[in-house]
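>>> Quick one, structure for this:
(3 chains)
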Amino acid sequence: MENGASSTKEEGFLSRMALNDNKAGMEGLDRDKINKIIMETSKGSRFYENELKKEQQVNQRIEKMMLQKAQITEQQLKKAQAQVERVALELERSRDLTRVIVHVDMDAFYAAVEMRDCPELKDKPMAVGSMSMLSTSNYHARKFGVRAAMPGFIAKKLCPNLVIVPPNFDKYRAVSDEIREIFADYDPHFQPVSLDEAYLDFTDHLEKRQSWPESCRTHRCRTSSTEAVPEVANLSPVLFEDSPSSSPCLLSPEGVRASGGAFEVFGTSVEEAVREMRFRIEQKTTLTASAGIAPNMMLAKVCSDKNKPNGQYVLPSTREAVMDFVQALPVRKVSGIGKVSEKMLNALGISSCSHLAQQMALLSLLFSETSWHHFMQVSLGLGSTYIPRHEERKSMSTERTFKELSKVEEQLSLCRELCEDLAEDMKKEDLKGKTVTLKLKNVNFEVKTRALTLQYAVATADEIFAVAKDLLKMEIENESPQPLRLRLMGVRISAFVGLDDKKPLQKSIIGFLQPGKTGSSGPTQELHQKLENEHFSTRSVLTWHFAASVITPIDTDAENSSVSESLTCPVCFRQVETTDLNVFNRHIDQCLSNTCRKPDHSTDSDSESDLELESKGLDKHRGESEVEKQEAKNYPQEAQRSLKNHSQTDSSISADNETAPQPRNNKGSILTCPVCQLTQDTNDLTVFNHHVDLCLNQEVLHELRGQTSSPINTLSVTKSKATGECSYEFSCKSLFVCVDFLTFRRDSPSSPCPKRSKGLGPHNTIDKFFR
DNA sequence: ATACATACC
DNA sequence: TACTGGTATGTAT
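Below is the predicted model of the structure:
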């Protein structure tokens, strides 16, 4: 009668269900008692049973691993050891201790915001979330074992007086914006991890900071005491506020002194700079942050946890300090090593990073290359010293948990709803993707995903639903005559067009505009390095940083007159009646997408009939062709052609231009746009050139959109079009126009800073692209 | 390419 | 009563 679950309950429960006291604020509490309550509250639930099942899967994985381990011969190990040492040596050679990386993390962020805005909560144990799930708890509540990712009803058992506050994400986002403004003063290219967390590269800031006068390092306290300030109060404006770019010193020393009040002067060291940043965060938001300072991201992340809350920790940039630090580090503290990896490593007798180093040869035989390379880096205290710019998103999804849903019609209508929500989000970012994934979780918490990749990208609710509903129907069929008893459904879209398959040309443009750091170090940097070197010789690269992509009115001379209330769109060249740059940018986006994409055709797909399950066979093949039909309906021939490279079969494209991206203007020939690679149905060079301009503008603006935080400088558009010249000239001129849209700022202090892109002749810029 | 698992906040 | 939601990536097939 013993089923697998009940026989292994006793040994299986701990690692998955038990309290995770890994995080700050969890020291010295009664773990056993807490775990007992957690277990008692959970036992017997479907969730618990599923956790047991997963636990067993992990145990099996471990058993398999141990078997493998038992079969390893002395010889293999020797060989592995040699290999490991080679790699270690190579990694060691790449070690870079010259960067100063900071990881900042707000303390109990959501909870802290709620406490700030509701003093009642100050001295109570509280958490943000719901009875079903908590996202954060304050430090008071943590003493009871209440923590993030714990369901509220269990937390209540642990701490009956716990106050649970529903989340207010808009507010958190607003606070997040405030702290990010401060981050940007120390590293304009900082990388946000979440609303409350970011990585910053302080290296450049520190260099500049050395020559700053004291006045630039002086910051005013909001009140004389940094303690509890009621309400939102007038936050004293911080220095720098209005000069995110160039000179940070706004106030003269007299100004500082004249305004009176309490001041704090910060030094020029890293510690002081980071302390200053945290101070400013606290002055501005009444919330505290913790920070870790280290020579790479991996270490900085660990360090920020070290003196939490409201503290910071510096790991000196010496190999010795790093190695000492890492030896003592429990593997679980490392970002990327979670519950399961920890358990597997533990099974091998590995709990700290020193063990990790000792067992490397073994690990190289038991784990995949990516895994053991990661372990190796961790054990050597290596990590990324280059903070990559935020990557473009790779997927977008929406999912919802609900109480049991078993009726087919309800499942289908829910699916449609999700698709509508997703489509709405997609629209906001103007995305289209080719892969649709349906996610289902049944009442036993078993998760399934079903995906289908289309030939063309989709974006609208109808298009997505056309696919998702078939995936769903397929699952319903599979399960029948039993119904699907669902507790969650989700829809995801991925494989966006315009990321990979689009244009190496664009990459060159952006690569040129933003070559990034030139520091060489770490295997993780090799890729960046390689990419860079394709276009530049490493050290000689000027580090141009994009400043703003906003376009100013052409007629700036009318500044004082009453007529200056409009801006000229560089795409349609019409006046836009606004001075709001956001509005104006939206207009340009609109213009660009209107010109480069066919207008949407309203798709009245089978929305009604979709809600009935077709009882006939619904095999995958049929599903696909249905989807394709749907596709064809939604995207008329021409639009499909403009969507991507699947246009090869199009009869209007002559067979002889397969690989030649350059336009030719021979008599009677058809021109191919070097950007979108599509044949242009014209022989008119002016028309063709206009098309290329649009393409380029769209690409560059699309790429740069969202990369810049503070629009500062702008420039006017000069309409300098080439007509009747050779094809290369077109491209160059077009690129020049496109480059001319932008204003650059040179961050490198070694060279003068041209205010306008006029200083960037085509000789400096375009020539490089075409090499 | 698909499915599932792990990880992070 | 009640155990999330969003994104990325690794592993296995």
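>>> which strands and helices sit next to the longest helix along chain A?
Ranked by residue count under DSSP state H, the longest helix found in chain A is helix A:46-71. With contacts taken as 3 or more CB pairs under 8 Å, 6 or more residues apart in numbering; DSSP states H and E, helix A:46-71 sits against helix A:4-17, helix A:339-347, helix A:360-366. In short, each C-beta sits where N, CA and C put it, glycine included.
>>> Past it, which element shows up next along the chain?
helix A:74-93 (DSSP states H and E).
>>> In that next one, which residues are buried?
Within helix A:74-93, the residues scored as buried using 16 or more other CB atoms under 10 Å are A:A80, A:V84, A:V87, A:A88, A:L91.
>>> now these in TSV, with pLDDT and distance to DNA strand B?
Output for those, formatted as TSV (pLDDT from 0 to 100; distance: CB to the nearest atom of the strand, whole Å):
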residue	pLDDT	distance to DNA strand B
A:A80	97	22
A:V84	98	21
A:V87	97	22
A:A88	97	23
A:L91	97	21
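>>> JSON lines for those residues, including distance to DNA strand C?
Below are the buried residues of helix A:74-93 laid out as JSON lines (distance: CB to the nearest atom of the strand, whole Å):
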{"residue": "A:A80", "distance to DNA strand C": "17"}
{"residue": "A:V84", "distance to DNA strand C": "17"}
{"residue": "A:V87", "distance to DNA strand C": "16"}
{"residue": "A:A88", "distance to DNA strand C": "19"}
{"residue": "A:L91", "distance to DNA strand C": "17"}
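>>> pLDDT score for the residue in the stretch 201-350 of chain A that DNA strand B sits nearest to?
Here the residue of the stretch 201-350 of chain A nearest DNA strand B is A:G338; by CB to the nearest atom of the strand that distance is 2.2 Å. On pLDDT, A:G338 comes in at 97.
>>> what does chain A have sitting close to DNA strand C?
Contact residues (CB under 7 Å from any atom of the strand) of chain A with DNA strand C: A:17, A:38, A:41-42, A:45, A:47-48, A:131-133, A:135, A:149, A:151-154, A:156, A:367-368, A:370-371, A:391-401, A:487-488, A:490, A:492, A:494.
>>> Buried subset of those residues as a PyMOL selection?
Burial among the residues of chain A next to DNA strand C is assessed by 16+ other CB under 10 Å; the matching PyMOL selection reads:
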select buried, chain A and resi 17+38+41+42+48+133+135+151+152+154+156+367+371+396+398+487+488+490+492+494
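>>> Show only the entries of the residues of chain A next to DNA strand C found in strands.
The strands, defined by DSSP state E, take in A:135, A:395-401, A:487-488, A:490, A:492, A:494 from the residues of chain A next to DNA strand C.
>>> Now the two most distant members of those.
For these, the maximum inter-member distance is 25.5 Å, found between A:S135 and A:S494 (CB to CB).
>>> re earlier: as a whole number, average confidence for the longest helix of chain A?
For helix A:46-71, mean pLDDT is 96.
>>> Equivalent analysis for stretch A:17-31, please.
pLDDT averaged over stretch A:17-31 gives 75.
>>> same check, this time on stretch A:128-135
Regarding stretch A:128-135, the rounded mean pLDDT is 98.
>>> Same check on stretch A:451-469?
The average pLDDT within stretch A:451-469 is 98.
>>> sorry, back to before: out of the buried residues of helix A:74-93, who's nearest A:H355?
A:V84 (14.3 Å).
>>> okay but that closest one is in contact with A:S379, surely?
No. Between A:V84 and A:S379 there is no contact under CB atoms under 8 Å: 10.1 Å.
>>> so what sits against both of the two?
A:M360 (CB atoms under 8 Å, 6 or more residues apart in numbering).
>>> Might you report the residue contacts of the residue of the stretch 1-150 of chain A found nearest DNA strand B?
Nearest to DNA strand B in the stretch 1-150 of chain A, going by CB to the nearest atom of the strand, is A:V58, at a distance of 4.8 Å. By CB under 8 Å, 6+ apart, the contact set of A:V58 is A:S15, A:V340, A:K343, A:M344.
>>> Compare those and tell me which has the most neighbours.
A:M344 (20 neighbours; other CB atoms under 10 Å).
>>> and A:E429, what are its phi and psi?
Backbone torsions for A:E429, taken as degrees, to the nearest 10, come to phi -110, psi 10.
>>> and the gap between it and A:N20?
A:E429 is 34 Å from A:N20, where distance means CB to CB, to the nearest Å.
>>> got any ranges where chain A has weak pLDDT?
Counting by pLDDT under 70, chain A shows low-confidence ranges at A:1-14, A:23-28, A:223-261, A:499-771.
>>> Break it down into its domains, please.
What the record gives for chain A is the domain set A:72-96+A:336-387, A:98-124+A:161-222+A:262-317, A:395-496, from the TED database.
>>> Residue in the stretch 451-600 of chain A with the shortest distance to DNA strand C?
Going by CB to the nearest atom of the strand, DNA strand C is nearest to A:L488 of the stretch 451-600 of chain A, at 5.4 Å.
>>> what's near enough to touch that residue?
A:L488 sits next to A:E399, A:R400, A:T401, A:F402, A:K439, A:L440, A:K441, A:V447 when contact means CB under 8 Å, 6+ apart.
>>> switch to 10 Å and redo it
Residues counted as contacts of A:L488 (CB atoms under 10 Å, 6 or more residues apart in numbering) are A:E399, A:R400, A:T401, A:F402, A:L405, A:K439, A:L440, A:K441, A:N442, A:V443, A:F445, A:V447.
>>> and which of these is nearest to A:D470?
Checking the contacts of A:L488 against A:D470 with CB to CB, the nearest one is A:L440 at 13.7 Å.
>>> so that closest one, which of the three states?
strand (DSSP: H, G, I helix; E, B strand; the rest coil).
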